[in-house]
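Colleague: Task: produce atomic coordinates for the following.
(chains A and B, ligands or ions: 2)
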Amino acid sequence: MSNVITDKDGVKRYLITLNVNGDEHTILVKGNTTLTNALRDQLDLTGTKRGCELGDCGSCTVLFDGRPINSCMKLAVEAEGHEIITIEGVAANGELDAIQQSMINHAAVQCGYCTPGMVLSAKALLTRNPHPTEPEVREAIAGNLCRCTGYVHIVEAVLAASRGVLAPDDGAHATAGGAK
Amino acid sequence: MSKNYNVIGHSKPKIDGPEKVSGAAKYTGDLKFPNMLHGKILTSPHAHARILSIDTSEAEKLPGVKAVITHKDVPTLKYGLSPARWDENIFCSEKTRFVGDKVAAVACLDEETCYKALKLIKVEYEVLPAVLDFLTAMDEGQPLVHEEYARNINTEIHQEFGDVAKAFAEAHHVRTDTFIGQRTYQCPIEPHSAISMWDAGKLTIYSSTQSPHYFQHYIAREFGMDIGDVRVLKTFVGGGFGGKLEPTGLEFAGAVLAKITSRPVRMFYDRAEMFAHNRGRHAQQMEITTGVDKDGKILGAYANFKMDGGAYTSLGIASAYYAGALLPMTYEFDNFKFDMYRVYTNLPACGAQRGHGAPQPKYAFESHLDNVAKDLGIDPMDIRIRNARRPDTVTPNDFKINSCHMKECLERAREISGWDEKKKNKVPGRGIGVSTGSFVTGAGYPIYRTDLPHASAFIRVNEDGTAATLYTGSVDIGQGSDTVLCQMAAEAMGYRYEQMKIVAADTETTPLDFGAYASRQTYMSGTAVKLAGEEVKKQILEMASFMLSLPPEDLDCEDGIIFSKSRDDKSITFQEAARKHFVLRGPLMGKGVYTPPKLGGTFKGAAVGTSPAYSFGAQIGEVEIDAETGEISVLGIWDVHDCGKVINPRLLHGQVHGALFMGMGESVWEEVLFDDKGKIINAELANYKMLTAMDMPPIESEVIDSYEPTGPWGAKEVGEGSTNPTLGMFSNAIFDAMGVRVNSLPLTYEKVWRALKEKREQEAAEKA
Ligand code: FES
Ligand code: FES
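Modeller: Ligands and ions are numbered 1, 2, ... in the order given. The predicted structure is shown next:
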């Protein structure tokens, strides 16, 4: 367990080591510090977004030992000893992941606020299931709300990435299958 | 019409794509400045209450609290959309008018301290009776939300064009229906935030805004400053949909907190505060009467509406006018009457949400039109095609329509949806519905009274021609204007999109543009950008003419290559000529400006709804209803849009999908709900029921080959127009499926189930 320090007001601080994107960071957090805030405020990894802080929107998604979680629902102290991947860890060495490239090519990004979470949820899906069906893609990103795209191009982009075809077959006509 | 271009008309990848997919894109709430404080606003827990006293002393004593402000510390000038209706203060001084009304604010070392400090501010209230029902708000004896506004009337509109009474008298059939539209909320995924800071009497605000210019205007006015001393800029914005179009307490209170503490202050709304601030779609009651001849040709229509404005004007006067103004767009008729009361209630203020003012009236009118068609035994598709607006016509309220492919949109939607087949072989429990929509391509008049042009831009080519930067005040809030405008700049210059850069939406470094609202930027900002690009091209061709010893008229430039039109062997690159230009003449720059022509009639309110061009569209949807539970499954949606020349097809369809998604949510699921004290009971995304990827049906989006003669390369709007038909389309599909009409939005499973149950009971009673 982490070192506990009590400050002058009697508030406990925890000295924890987080493994984020393969790097170890030792930081001091409060018991109520969420993983989202630790990543954003202390490690400056602001690609993890805050959209609701209630576990509803998924914009704070990170991979937690490979599983997508809402980091606003996880305390920083609970994250010690786990492997965390944030969006900044996906395009390591500056090379975009197939999902990221496919998202750009399909215009699956509008305002981009949901995008980091979408990419991570999709990445977790393709890691455990490299050739998902469309309903499986929809299910995998169902915890990531997007207000801009109607999810149409996002679903296309993830399916395309799973097939290794990153460029859309383009025309002025865009169609996509649905949830059913 | 379908000329091929090098840059426009192609699905170029978004210019900000790499930053957004990699998490590098910084939104306002991601920014940090040295010495920065955090701020929060204390709001009223009561819908209507007199403030008896405010005691901030305990909060001030809390360690980490740097400033606590109330109405005593801020300017008292009221603000709002129009001078005649300025009715909102930075902080309430005498009374609060809704749960969430601004009372005080704090600036602290961290966010947690802010929340603690807010709890320590003691406000003594005398709770007053509240007006919560907009339908009775005008009744005698109701409490007044604002003492200066008798009977709680915020805006009253009475317009008549032609002679509606005569049209009804001559009609073969006249029918009246009444519908209710619900309050919805824009729900951008990025919460509003703002960071304010002062430097030697100058104020800088980073804001999550749709219009830095409008914010700058109102903030300068509020603080009595020169507009040149206020800088408003944005980084990335995580969606707006109308909800980030006017300055909020975050900017106003943040600026004061930053001034008092001499430190940057970052403020944000959490999700519940966003809902409370609101400014979403008005709830409204819509009574519609239409007179038709025996073939279903519309002779006249009367719209008698009442809308729930909430506690303040916000942008809502415009919504009230738009509600009527955009009704006579997609169908041609000469006689139109519109009465509207926008009333005050003790609920959060309503404002502009995607499709501003138009989607609900469209829902009412389109549902009503299906009822009329049924009365006459006419197919809903046929009655629409029969009445569809034609190009080069004028609406009864004096809007000039140039390009218009309403009829083609309907016919194409009919074809791709399999309408005729589905109507012929009707499957029990299934229904198909059609609806139309139209929207402005930018407002014909400015958002506030001014004679300034609506858009301007300049382009600077760098010294060796390897890059060019577009400077524009236009605002990319996700819709992709940065990309589309760079495509337009490159096309006009004869340059390559891949070499374009952009600086946008900063009142200090970019030229004036009114921003992202009313679907205006592709057209208006785009026209300014096109002119700027053409000015660059003219200069570069002159330089090339000198370099190649050929007359400039013989030269053209495409895709970064300057070539002779008469000789194959003569060409140089844009880069070479640009470098030479810099060496001999200095920076290569071009500028452009756009002001709409004078538009519209002279009656009161004639300006709202005017636009240099209008989009048109038709939507068809097919649903299946579970008679046992009322559950609605959406089997498919077909959208066909007339939006002029398409600049970026993928981004365009993305706009249609997003607009449709929002409209679909509003049709069946989304609604802001209040308890009997005026407090929102579902101020979270889960209980507000925003749709997930699993809820979305297959969507087919198509465009009609169309050219708008006044638009840049023939372009017009798409971003908001596709929300307009959606609500009516669902209403009609559900009606077709079950044969009874639900007359209020959202068309929830429960309402559908009840309607079916009543229908069954009625049928049983008739049999008995
Ligand atoms: S911020 Fe974590 S789910 Fe919304
Ligand atoms: S792109 Fe804006 S929320 Fe998804």
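Colleague: mind checking how far residue B:61 is from residue B:564?
Modeller: Between residue B:61 and residue B:564 the distance is 79 Å, computed by Cβ to Cβ, to the nearest Å. All C-beta spots, glycine's among them, are computed from the backbone N, C-alpha and C.
Colleague: Which of those two has more residues huddled nearby?
Modeller: Using other Cβ atoms under 10 Å in any protein chain shown as the criterion, residue B:61 and residue B:564 rank with residue B:564 on top: 18 against 10.
Colleague: My guess is that one contacts residue B:552. True?
Modeller: No. Shown here, residue B:564 and residue B:552 do not form a contact pair, counting by Cβ atoms under 8 Å, at 10.7 Å.
Colleague: To what extent is residue B:676 buried, counted in neighbours?
Modeller: Using other Cβ under 10 Å as the criterion, residue B:676 is surrounded by 8 other residues.
Colleague: before we move on, what about residue B:318?
Modeller: As a burial measure, the neighbour count of residue B:318 was computed by other Cβ under 10 Å and equals 26.
Colleague: which SSE is it in?
Modeller: If you go by DSSP states H and E, residue B:318 is part of helix B:316-325.
Colleague: Which secondary structure elements does that helix sit against?
Modeller: The helices and strands touching helix B:316-325, judged by 3 or more Cβ pairs under 8 Å, 6 or more residues apart in numbering or on different chains; DSSP states H and E, are strand B:153-161, strand B:298-310, strand B:335-344, helix B:359-376.
Colleague: surely residue B:88 meets residue B:310?
Modeller: No. Counting by Cβ under 8 Å, no contact exists between residue B:88 and residue B:310, whose distance comes to 10.8 Å.
Colleague: On the pLDDT front, check the closest residue to residue B:722 other than its chain neighbours for me.
Modeller: Excluding the flanking residues, the one nearest residue B:722 by Cβ to Cβ, 6 or more residues apart in numbering or on different chains is residue B:659, at 3.5 Å. The predicted structure scores residue B:659 at 97 on the pLDDT scale.
Colleague: Which strands and helices lie in contact with the helix or strand hosting residue B:659?
Modeller: Element membership for residue B:659 (DSSP H and E) is helix B:649-664. Helix B:649-664 sits against helix A:152-163, strand A:174-176, strand B:632-642, strand B:699-703, helix B:726-738, with contacts defined as 3+ Cβ pairs under 8 Å, 6+ apart.
Colleague: Centre of the chain to the fourth one, how far?
Modeller: To tie it back to what came earlier, the one meant is strand B:699-703. Taking Cα atoms, centre = their mean, to the nearest Å, the mean C-alpha location of strand B:699-703 is offset from the chain mean by 21 Å.
Colleague: That strand vs helix A:152-163, what angle?
Modeller: 110 degrees (axes from the mean of the first three to the mean of the last three Cα atoms, to 10 degrees).
Colleague: Strand B:699-703 near chain A anywhere?
Modeller: Yes. Remark: strand B:699-703 sits within contact range of chain A at B:699, B:700, B:701, B:702, B:703, by Cβ under 8 Å from any Cβ of the partner chain.
Colleague: which pair in these spans the largest distance?
Modeller: Based on Cβ to Cβ, the longest span within the residues of strand B:699-703 next to chain A runs between B:699 and B:703 and measures 13.8 Å.
Colleague: Packing partners of the helix or strand where residue A:16 lies?
Modeller: When secondary structure is defined by DSSP H and E, residue A:16 falls within strand A:12-20. Other helices and strands packing on strand A:12-20, by 3+ Cβ pairs under 8 Å, 6+ apart, are strand A:3-6, strand A:23-30, strand A:83-85.
Colleague: So in that sheet, which strands flank the last one, and in what orientation?
Modeller: What it means is strand A:83-85. strand A:12-20 (parallel), strand A:61-64 (antiparallel) (DSSP bridges).
Colleague: Minimum distance to chain A, which residue of the stretch 351-500 of chain B gives it?
Modeller: For the stretch 351-500 of chain B, the residue positioned closest to chain A under Cβ to the nearest Cβ is residue B:478, at a distance of 2.7 Å.
Colleague: Give me the phi and psi angles of that residue.
Modeller: Dihedral angles phi and psi of residue B:478 (degrees, to the nearest 10) take the values phi 130, psi -20.
Colleague: Name the nearest residue to it, sequence neighbours excluded.
Modeller: residue A:111 (2.7 Å).
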